[in-house]
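**Student:** Got a predicted structure here, sequence first:
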Amino acid sequence: MRWLVYALSPLAILLVTAFLASVLGYGLLRISGDILPLAKVISKITLILLLLSILPLKKYLQFSWADLGGAPKQVFFKQVAQGLALALLTLLPVLLTLYWLDVHVWDDTRNWTPGKIAEKVGLGLFFAMLIALGEELLFRGLLLGGLRRKMSVIAAVTISAIYYAALHFLKSKSQIPYADLTPGSGLALMAEAFANWFNPAIRSAALALFVVGVFLAVLRAWMPQSLGLCIGCHAGWVWQIKVSRDLFNVNLQADSLFLVNTYYDGVVGPLVSGWLLLALIVCCWWAKRRKMVCSCA
């Protein structure tokens, strides 16, 4: 029964964080005025609070940089580069397949120049790195490492992947006019965001992101101090998706549209799930041949 307490502890932290974000979001808009929708403000504050929680939780768990999976500086940056290469190897074939099947079509309504494309590519990589750094420290560093101290590798990998996938769908789409905001508006949006986990439209995307979480957690579990590899791989995936969404549109009349989830981002979906599962099997086979030790130390 104790393992259940450990498994649900991150959910409790998430609930407290979302509650605080709901209260702070309402207060911020009352002070600053109608600058952004309340749902978006709450979402951003929740993410910031989760990232800020890394430091006190790291201290509470007595985690060092190595415990989070961090390697010495030179090795760390080499891992990031290797992760970017792994991301290209694992996602680029998916994007090329979607283009070949006319699921993704070139956006010819915009005047693309080499300079504009280079700008999209550069900015996309920068923001992808920021996203990957925060999420990997949180999920593959702190969460996976903490769970691994209390349960088996398989359980820790599975639970951390569930949380990773779930957080991507903690969203509310309701727009409350600024004049109608009340102290309880944030809580109502918070409840709607958590209810979105039961939305049937997210299923294929949620499964794909769960597989993504498992893939990254397996990398982290099999190779101690491999957080840099996870960050590079994660950043490379986000980068490719951002660039693809800028340059291409989803063809809603495509025969193979079922391969992606249009509710989420038009990339993640059944094709990503299947391809990454295959990649995971190959990685398992390779690791077995190399006799790699599974650990999160």
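**Tutor:** Structure received. Keep in mind it's a predicted model, so treat the numbers as computed, not measured.

**Student:** Which residue ranges of the stretch 1-150 of the chain form helices?
**Tutor:** 2-32, 38-52, 54-60, 73-100, 114-136, 144-148 (DSSP state H, counting those that start in this stretch).

**Student:** Quick check: which of these is nearest to residue 216?
**Tutor:** Counting by CB to CB, residue 216 lies closest to helix 114-136 out of the helices of the stretch 1-150 of the chain; the figure is 7.4 Å. All C-beta atoms are positioned from the backbone trio N, CA, C, and that covers glycine.

**Student:** How about the closest one, which residues are buried there?
**Tutor:** 120, 121, 124, 125, 128, 129, 131, 132, 133, 134, 135, 136 (16 or more other CB atoms under 10 Å).

**Student:** How about stretch 87-106?
**Tutor:** By 16+ other CB under 10 Å, the buried positions in stretch 87-106 come out as 87, 88, 90, 91, 94, 95, 98, 101, 103, 104.

**Student:** The last one touches residue 250, doesn't it?
**Tutor:** Yes. Applying CB atoms under 8 Å as the test, residue 104 and residue 250 come out as touching, 6.5 Å apart.

**Student:** tell me, what's touching these two both at once?
**Tutor:** Shared contacts of residue 104 and residue 250, defined by CB atoms under 8 Å, 6 or more residues apart in numbering, comprise residue 266.

**Student:** of all the helices of the stretch 1-150 of the chain, which lies closest to residue 157?
**Tutor:** helix 144-148 (7.1 Å).

**Student:** My read is that residue 75 contacts residue 227, right?
**Tutor:** No. Between residue 75 and residue 227 there is no contact under CB under 8 Å: 10.6 Å.

**Student:** The two: which is more packed in?
**Tutor:** residue 227 (29 against 14; other CB atoms under 10 Å).

**Student:** With adjacent residues omitted, what lies nearest to the more buried one?
**Tutor:** Spatially, and ignoring its direct neighbours in sequence, residue 227 is nearest to residue 69 (3.2 Å; CB to CB, 6 or more residues apart in numbering).

**Student:** For the one you found, the count of nearby residues, please.
**Tutor:** Neighbour count of residue 69, defined by other CB under 10 Å: 30.

**Student:** switch to numbering from 19
**Tutor:** Happy to do that; since the first residue is 19 now, the last one works out to residue 87.

**Student:** Look up how far residue 252 lies from it.
**Tutor:** Noted for residue 87: a distance of 13 Å to residue 252, by CB to CB, to the nearest Å.

**Student:** what does the worst-scoring helix or strand of the chain on mean pLDDT rub up against?
**Tutor:** One helix or strand of the chain scores below all others by mean pLDDT, DSSP states H and E: helix 288-308, with a mean of 84. Identification of contacts with helix 288-308 by CB under 8 Å, 6+ apart yields 108-109, 111-112, 115-116, 222, 225-226, 229-230, 232-233, 236-237, 240, 276-278.

**Student:** Mind doing that once more with 6 Å?
**Tutor:** With CB atoms under 6 Å, 6 or more residues apart in numbering as the test, helix 288-308 has contacts from 108, 112, 222, 225, 226, 229, 233, 240, 277.

**Student:** Count the neighbours of residue 74 for me.
**Tutor:** Neighbourhood size, residue 74 [other CB under 10 Å]: 9.
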